[in-house]
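Participant: prediction below, plus the sequence it came from.
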Amino acid sequence: MTPRERRAAVLRDLEHADAPLSASALARKYTVSRQIIVGDIALLRAAQALITATPRGYILERTKPAGLTRTIACCHTGLLPLQQELYTITDNGCAVLDVIVSHSVYGQLSGKLHIFSRYDADAFIKKVKKNNAAPLSTLTDGVHLHTLLCPDEAACSRVTEQLKQLGILYRDDPAEE
């Protein structure tokens, strides 16, 4: 199989995948190194394939997801509040598409999350711990944004109200009600 044929096969795999595909899994399938797959993905992206890297692997963005997208501002430090935040969002039927921080040197930094369930949240937290990684929000003293995908306004309202009660929803003035 030529590199071009492998890239076409990887793209087909992503088109038919029901879940994210890791570079390691693709490398095993095509008997190449993980780094070769990472390079293949970079070349596919350069050729305009809408491939997104998530904490659980690569996904192909097909179309705009169904539902409402909303951006919320949160502030917390530590993994327990992060887990509470993710659970609150997913338990109310919403998904966390990304995290965004405004860095003083690099400007806006974002990471694709694609967390749709407690399972996804647990997998993300586990990966953070396993890699001894720090969430992006540590760069901004805990302040960060999330783009949410919500089925309706009621779900979005439930999320914001519960995050407010947990003290996670960011407010300029903590005395503000």
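Facilitator: Thanks, I have the structure now. Because the structure is predicted, anything quoted here is derived from the model rather than measured.

Participant: average pLDDT for stretch 58-66?
Facilitator: For stretch 58-66, the mean pLDDT works out to 76.

Participant: oh sorry, the question was meant for stretch 21-38
Facilitator: Stretch 21-38 comes out at a mean pLDDT of 95.

Participant: contacts for it next, please.
Facilitator: For stretch 21-38, the external contacting residues (CB atoms under 8 Å, 6 or more residues apart in numbering) are 1, 6, 9-10, 13-14, 41, 56-59. (Glycine included, C-beta is placed from N, CA and C.)

Participant: just stretch 123-131 next, same as before
Facilitator: Against stretch 123-131 from outside (CB under 8 Å, 6+ apart): 55-56, 79, 82-83, 86, 113, 115, 133-135.

Participant: same check, this time on stretch 74-92
Facilitator: Residues contacting stretch 74-92 (CB under 8 Å, 6+ apart): 95-96, 115-118, 120-122, 124-125, 128-129, 135, 137-138, 141-146, 148, 155, 158-159, 162-163, 166-170.

Participant: ranking the contacts of stretch 123-131 by neighbours, who comes first?
Facilitator: residue 115 (27 neighbours; other CB atoms under 10 Å).

Participant: and the closest residue to that residue other than its chain neighbours, how many neighbours?
Facilitator: Closest residue to residue 115 apart from its sequence neighbours, by CB to CB, 6 or more residues apart in numbering: residue 96 at 4.3 Å. Applying other CB under 10 Å, we find 23 residues neighbouring residue 96.

Participant: in strands only, show me the contacts of stretch 21-38.
Facilitator: Under the assignment DSSP state E, these contribute 57-59 to strands.

Participant: next, count neighbours for residue 2.
Facilitator: 7.

Participant: now do the phi/psi pair for it.
Facilitator: Dihedral pair for residue 2: phi -80, psi 160, per degrees, to the nearest 10.

Participant: hang on, the earlier thing: most surrounded residue in the ones in strands among the contacts of stretch 21-38?
Facilitator: residue 58 leads the ones in strands among the contacts of stretch 21-38 on contacts (other CB under 10 Å) with 24 neighbours.

Participant: quick check, that residue in contact with residue 51.
Facilitator: Yes - contact criterion CB atoms under 8 Å: residue 58 and residue 51 qualify, at 5.5 Å.

Participant: just the C-alpha atoms of stretch 108-122, please, in PDB.
Facilitator: Below are the C-alpha coordinates for stretch 108-122, written out as PDB (Å, rounded to 0.1, in the frame of the first residue of the first chain):
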ATOM      1  CA  GLN A 108      -6.700  32.600  22.100                       C
ATOM      2  CA  LEU A 109      -5.900  28.900  22.600                       C
ATOM      3  CA  SER A 110      -8.400  26.200  22.200                       C
ATOM      4  CA  GLY A 111      -8.700  22.400  22.500                       C
ATOM      5  CA  LYS A 112     -11.300  20.200  21.000                       C
ATOM      6  CA  LEU A 113     -13.000  18.000  23.600                       C
ATOM      7  CA  HIS A 114     -16.100  16.400  22.100                       C
ATOM      8  CA  ILE A 115     -17.400  15.200  25.500                       C
ATOM      9  CA  PHE A 116     -20.900  13.900  25.200                       C
ATOM     10  CA  SER A 117     -21.300  11.700  28.300                       C
ATOM     11  CA  ARG A 118     -20.000  10.900  31.700                       C
ATOM     12  CA  TYR A 119     -18.000   8.100  30.000                       C
ATOM     13  CA  ASP A 120     -16.300  10.700  27.800                       C
ATOM     14  CA  ALA A 121     -15.700  13.000  30.800                       C
ATOM     15  CA  ASP A 122     -14.100  10.100  32.800                       C
END
